[in-house]
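# Provide a 3D model corresponding to the input given below.
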Amino acid sequence: MSEAQAALRARIAAYWQPHAISAAAQLGLADALADDALDAETLAAKVGADAGALGRFLRALSSIDIVSDRGDGTYALTEMGQRLRSDHAESLKGMALHVGTQLSPAFASLAECVKHGRPPEGIAYGTQGFADLNHDAAAAAVFNQAMVDSSRRFAGEAVTAYDVSGFSRIGDIGGGHGRVLAEFLNAAPGATGFVLDLDHAAAGAATLFAEQGVEGRAEFVSGSFFEEITEAADCYVLKYILHDWDDEHARRIVERVGAAARRFVAKVLLIERILPERVEARVDHAFAMYGDMTMMLWNGAERTEQQFRDLLAAGDLVLTRTAALSDNHYVIEALPRD
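Residues are numbered from 1 along each chain as shown. All right, here's what the predicted structure looks like:
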């Protein structure tokens, strides 16, 4: 077997791993194993699974470092597996559920998307996709928790890379449960703020504000970023908003945010991936392109810096600086054009 064939084979054969991690999240294995190593039979009773199948599954998870086979019939969480617990400070359980139940099924239709240049049949995208979350509480919970997982990381990095302490009123536009707002408010103790989003996120936002100790300074505002933004702020932050949309819809969002920024004399901060101008066979570039392929299936797009400059111009905004985060992510600062 050639080196190239072996490398390709390994990539193809790895298809099962994200599905296994998502299945572990769906079963709640990490929460059940949080305190002690357990054997398959005991764990099966706790999570409602078949003991024989679970035993085989635990051996498979051992091979990818989610659990550790103790050699005595019991299994314990590894450091990586700990991050599938609901209560872990670096939890990725929401992301694992989102990938396994909402993203991965769509990738079976990637060829159709590439062939026709639009999302495959059966994928609810754009305004309809987000509106559907108002009527599907389970799907909304998975989606919003996945966004909390990523916001915990990237918003935390953002307030280290970019000084937000001088802002007095922060608007988290399309912010879901408001993890970005909470991170910003904790880094700007004199500020207040709001999340603007659809109704499906309201209850979760109230819970998160209380958990993060900002309930007295944060509020949820029901609304759409496709409509006029009437809430005043001196900073409007949008994390993972523009990448959800094609250029036409993204321009409409930027127009609304730009109008508010001019009216209230505010800065606009985006937290987004920035794609490289030339893609190479590198792990970090592959991670960036995973994001772009995902968004293409839902009619969105990751963008290069120049594409962000062009997009922001639609709202009469000028890209003034970027601050690098991890994994091709950046804080992108924009100001109203003079």
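# And the strands in the stretch 51-200 of the chain?
In the stretch 51-200 of the chain, strands defined by DSSP state E, counting those that start in this stretch lie at 67-69, 74-77, 169-173, 192-197, listed in chain order.
# Which among these is found nearest to Gly315?
Among the strands of the stretch 51-200 of the chain, the nearest to Gly315 by CB to CB is strand 169-173 (12.1 Å). For every residue, glycine as well, the C-beta is placed using N, CA and C.
# Count the neighbours of Tyr75 for me.
26 (other CB atoms under 10 Å).
# residue contacts, it?
When contacts are counted by CB atoms under 8 Å, 6 or more residues apart in numbering, Tyr75 touches Leu33, Ala37, Leu38, Asp39, Ala40, Leu43, Leu58, Leu61, Ser62, Val67, Ser68, Asp69.
# at 7 Å what do you get?
By CB atoms under 7 Å, 6 or more residues apart in numbering, the residues touching Tyr75 are Ala37, Leu38, Leu58, Ser62, Val67, Ser68, Asp69.
# Model confidence at Glu277, what's the number?
We have a pLDDT of 92 for Glu277.
# tell me, how many neighbours does it end up with?
Glu277, neighbours per other CB under 10 Å, totals 9.
# correct me, but it touches Thr304?
Yes: with contact defined as CB atoms under 7 Å, Glu277 counts as touching Thr304 (5.7 Å).
# Tell me the buried residues within the contacts of Tyr75.
Ala37, Leu38, Leu58, Ser62, Val67, Ser68 (16 or more other CB atoms under 10 Å).
# From Arg59, how far off is the last one?
Going back to what we said before, that points to Ser68. Taking CB to CB, to the nearest Å as the measure, Ser68 falls 11 Å from Arg59.
# Which helix or which strand is home to Val254?
Per DSSP states H and E: Val254 is located in helix 247-264.
# Which positions in that helix come out as buried?
In terms of neighbour count (16+ other CB under 10 Å), helix 247-264 has its buried residues at His249, Ala250, Arg251, Arg252, Ile253, Val254, Arg256, Val257, Gly258, Ala260, Ala261, Phe264.
# For the chain, give me the ranges with low pLDDT.
122-136, 144, 147, 150 (pLDDT under 70).
# domains for it, by residue range?
3-82, 93-336 (automatic domain parsing).
# Could you say which of those is packed most deeply?
domain 93-336 (a mean of 19; mean count of other CB atoms under 10 Å).
# Just checking the distance from it to the centre of its chain.
The chain centre lies 8 Å from the centre of domain 93-336; the measure is CA atoms, centre = their mean, to the nearest Å.
# Show the end-to-end separation of it, please.
38 Å (CA to CA, to the nearest Å).
# what do you get for stretch 323-331?
Chord length of stretch 323-331, first to last residue, is 5 Å (CA to CA).
# Also stretch 24-37?
Stretch 24-37 has an end-to-end distance of 16 Å (CA to CA).
# still on that earlier bit, of the contacts of Tyr75, which pair is most distant in space?
Pairwise over these, using CB to CB, the maximum falls at Leu38 and Ser62, 13.5 Å.
# Does Thr294 touch Gln102 like I think?
No: using CB under 7 Å as the test, Thr294 is too far from Gln102 to be in contact (10.1 Å).
# which residues does Asp69 contact?
With CB under 7 Å, 6+ apart, Asp69 has these contacts: Arg59, Ser62, Tyr75.
# separation between it and Trp16?
Applying CB to CB, the value for Asp69 to Trp16 is 18 Å.
# Only alpha carbons, please: show whichever helix or strand comes after the helix holding Val254 as PDB.
Following helix 247-264 in sequence order, the next helix or strand is strand 267-275 (DSSP H and E). The C-alpha trace of strand 267-275 is given here as PDB (Å, rounded to 0.1, in the frame of the first residue of the first chain):
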ATOM      1  CA  LYS A 267     -18.300  50.000  17.100                       C
ATOM      2  CA  VAL A 268     -19.200  46.700  15.400                       C
ATOM      3  CA  LEU A 269     -17.300  43.500  16.400                       C
ATOM      4  CA  LEU A 270     -17.500  40.300  14.500                       C
ATOM      5  CA  ILE A 271     -16.300  37.000  15.800                       C
ATOM      6  CA  GLU A 272     -15.800  34.800  12.700                       C
ATOM      7  CA  ARG A 273     -13.400  32.600  10.900                       C
ATOM      8  CA  ILE A 274     -11.300  34.300   8.300                       C
ATOM      9  CA  LEU A 275     -10.400  31.900   5.400                       C
END
